[in-house]
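# I would like the atomic coordinates for the input below:
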Amino acid sequence: MKFSEIVALILFFIIPPIIGFLIYKQFRSFVSLKRGITEYFMISLAGFSVLLFLVGLSTYSSDFNLAIDPVDNGYTPFATKHMLTLFLFFMVAIYAVIVLWLKGRDLPPVIVVLALTVITIALMISVAVILQVVENSDGNVGWCFVFLPLAYIISAISLIIRITKEESHHAVNRTYRNKILGYLNRLMAATQWQPVWVIILLIPVFIVITVILILCGQDSHALTRVFTETTGWHFSQKAHPPFLDHQGHYLCTVAACGNPDLVKPIRLGNRHGHQIIVNRQLQIANAFEELIQDISPVFHRYIRRLYDQYGYPLSKRINTPMRSNIIYLLMKPVEWFFVLVLYTCVKKPEMKIAKQYT
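All right, here's what the predicted structure looks like:
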C-alpha cells in the first residue's frame, strides 16, 4: 500500500468522527465536555453496531424454507415474518433509553419505572439475540449481529445504575397533589423497592406491547417464533431444503423451490456428495447430458462450460416459488426435446432416466 493511500485511510477514519463531534456539540453545547464525549462515543458505537447488524442481515438473508447456495448466502437468524416484533421492542426500548438519558431527573418515578421496565425487557431479548447468533450449524459465528445487542446491554445497564441512584435521591423531595401519585412516588422513591416494581411491571408492559403487535397483524407468539422459525442457529427448530450445488444443474433450484404440485419432486438424490431434491425434469436433463458426454466428450465439455457460465448466475435469481414455477414451465419444451432424443438414441430410456442421482 502506498504512503498516500495510508494517509488517505487514516484521514478517512479521523476526519469524519471529528466533524461528527463538532456537529453534535452544536445540538448539545450545554453539556459538559466529559458527558459530551461519553454521549458521542455511545452514539457512534450505536451507529457502528446498527451498520454491522444491517451487513449481517444482508449476508444472512434467506428464510429457512428457501434452498440456497451456502457459498453465496446464509440463513437468517431471525424469521422475516416476525421481524417486526423484534424491531418494535427495540425501538420502544431505545426511545426509553434516550428519554431517561436526557430527562431522567425531571421525570416522575412512575414514568421512570415504566421506562426501566421496557429497557429490562429489551435486555432479556438482547441476551436471547446474542445466544441465537453465537451458534451456527456451519461453524461460523454471526459476529455482525453481536455488537448491536451487546452495545445495548452495556448502555442500558449503565443507564439503569445511574438513573436508579439519581431518581431515588430526587424523588424523596418530590410532592404531588394527587394522593395516589404521591403514594406511588414515595413507594418507588425507595431504592430498595425500585427493582421490585420493575419486575412487577414486566408482565403488564410486555402484554401491552404484545397486544399492539397483534393489532398490527403479528402472531401472539412472534417474539419466540422470530428465533425458532429459523434454521441453523441456536434456537432454530426448522430444517432447510438441501443446499443447491452451484456446480450442478440450476434445475436443482427449480425442483427445490418450486410449488410441489407443479414441479412434482420425486425423491432426494445425491450430486457430488450433496443431497438435492430430484424431479423428473431434472432427471431427463441429466440423462440427456450423460448421453452427450458418451457421444462426444469434447462437445460435452464445451456445453458444460457454457451451462456453468450462464446457469449458475441464473440459479441465484431463482429464489422464490413463483420464479421456480416459471422456469419449470419455460423448460417444458426443452424437456420434451430431451425425451425425444433419449427415446431415439437410447435402448432403455426410462431406465437411464430413473438411475439419475441414485
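
# pLDDT (mean, whole number) over the helix or strand containing Ile43?
Assigned by DSSP states H and E, Ile43 belongs to helix 33-59. The average pLDDT for helix 33-59 rounds to 79.

# Now do it: which elements does it pack against?
Where contact means 3 or more Cβ pairs under 8 Å, 6 or more residues apart in numbering; DSSP states H and E, helix 33-59 is packed against helix 3-27, helix 143-171. Yep, even glycine has a C-beta here, placed from its N, CA and C like the rest.

# Quickly, which of those bottoms out on average pLDDT?
Among these, helix 3-27 carries the lowest mean pLDDT, a mean of 62.

# Alpha carbons only: can I get stretch 153-162 in CSV?
The C-alpha trace of stretch 153-162 is given here as CSV (Å, rounded to 0.1, in the frame of the first residue of the first chain):
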residue,chain,number,x,y,z
ILE,A,153,-26.8,-4.2,27.1
ILE,A,154,-23.8,-2.1,28.1
SER,A,155,-25.6,1.2,27.6
ALA,A,156,-28.8,0.0,29.3
ILE,A,157,-27.1,-1.4,32.4
SER,A,158,-25.0,1.8,32.8
LEU,A,159,-28.1,3.9,32.4
ILE,A,160,-30.1,1.8,34.9
ILE,A,161,-27.5,2.2,37.6
ARG,A,162,-27.2,5.9,37.0
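
# Can you list the buried residues in it?
Buried residues in stretch 153-162, counting neighbours by 16 or more other Cβ atoms under 10 Å, are found at 153, 155-156, 159-160.

# and the gap between Leu314 and Asp63?
Separation of Leu314 from Asp63 (Cβ to Cβ, to the nearest Å) stands at 21 Å.

# can the buried residues of stretch 153-162 go into TSV with extra columns for distance to Trp143?
Below are the buried residues of stretch 153-162 laid out as TSV (distance: Cβ to Cβ, whole Å):
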residue	distance to Trp143
Ile153	16
Ser155	19
Ala156	21
Leu159	25
Ile160	26
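
# Return the member of those residues nearest to Ser44.
For the buried residues of stretch 153-162, the closest approach to Ser44 (Cβ to Cβ) belongs to Ser155, at 12.1 Å.

# how far away is the closest one from Tyr60?
Per Cβ to Cβ, Ser155 is found 25 Å from Tyr60.

# same thing with Ser126?
Using Cβ to Cβ, we find Ser126 at a distance of 18 Å from Tyr60.

# now swap in Leu223 and tell me
Per Cβ to Cβ, Leu223 is found 20 Å from Tyr60.

# Kindly report the same for Glu290.
With distances taken as Cβ to Cβ, Glu290 is found 36 Å from Tyr60.

# So between the two, which is more surrounded?
Tyr60 (22 against 17; other Cβ atoms under 10 Å).

# For that one, which non-adjacent residue is spatially closest?
Excluding its sequence neighbours, the residue lying closest to Tyr60 (Cβ to Cβ, 6 or more residues apart in numbering) is Gly74, at 4.0 Å.

# Strands of this structure, start to end?
Assigned by DSSP state E, the strands in the chain fall at 60-62, 74-75, 265-271, 274-279.

# want to try CSV for those, with distance to Ser324 as columns?
Output for these, formatted as CSV (distance: least, Cβ to Cβ, whole Å):
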stretch, distance to Ser324
strand 60-62, 14
strand 74-75, 18
strand 265-271, 11
strand 274-279, 11
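
# Among those, which comes closest to Ile43?
With Cβ to Cβ as the measure, strand 60-62 is the member of the strands of the chain nearest Ile43 (26.2 Å).

# Partner strands of that closest one and their direction?
Here strand 60-62 has these sheet partners by DSSP bridges: strand 74-75 (parallel).

# So for the partner strand, mean pLDDT?
Strand 74-75 shows a mean pLDDT of 81 in the predicted model.

# show me what contacts Ile353?
280, 283-284, 287, 342 (Cβ atoms under 8 Å, 6 or more residues apart in numbering).

# how about 6 Å then?
Contacts for Ile353 (Cβ atoms under 6 Å, 6 or more residues apart in numbering) come out as 283-284, 287.
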